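Enquirer: Need a 3D model of the sequence below.
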Amino acid sequence: MGVPIFCILFGFPLGWYITKKVSPSLSPSRLIYYRILNLSILAALFTFLMMAVIWGSAAMPMLFNPEADISNFGHPFILYEPKASLVGWLILMIIVSPFLQLLTTIFASFITLMNNELKNEIEYNK
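Expert: Below is the predicted model:
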């Protein structure tokens, strides 16, 4: 039902792909970093919107319905009370997971940039 571990892990190949597409078109400068950051934020915003649609439409009506059976919704009880756990779970799914995807995308992008620079330096020193 929209568990974002795959979205978070998708940040690694996405960061590699963004760097491979951006670095040949731009000379090594701050423009590459800004382009990587902008594309990473765009991907994280898309994930945020998808998580808000998936989890918000499923769980938000339950928060305001006093007769809703929140304890059998299927989320983990991380805060020892069903309603507080649901709110915590929604925060994790909707806000924290796109942020983690942003971090993995940026991390993979800069690892790829460092690898490209290392390869260029090795070829230059031959």
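Enquirer: Look at Y80 and tell me its secondary structure.
Expert: Here Y80 is recorded as coil under DSSP: H, G, I helix; E, B strand; the rest coil.
Enquirer: helices or strands next to the longest helix belonging to the chain in the packing?
Expert: In the chain, ranked by residue count with DSSP state H as the criterion, the top helix is helix 30-63. Packing contacts for helix 30-63, counted by 3 or more CB pairs under 8 Å, 6 or more residues apart in numbering; DSSP states H and E, involve helix 5-9, helix 11-22, helix 82-91, helix 97-125. C-beta here means a position set from N, CA and C on the backbone, and glycine is covered the same way.
Enquirer: among these, which is the most enclosed?
Expert: helix 11-22 (a mean of 19; mean count of other CB atoms under 10 Å).
Enquirer: Test for you: state the pLDDT assigned to the residue nearest the centre of the chain.
Expert: Centrality entry for the chain: nearest residue to the mean C-alpha point is Q101, 1.9 Å, by CA atoms, centre = their mean. pLDDT for Q101: 95.
Enquirer: With adjacent residues omitted, what lies nearest to it?
Expert: G11 (4.6 Å; CB to CB, 6 or more residues apart in numbering).
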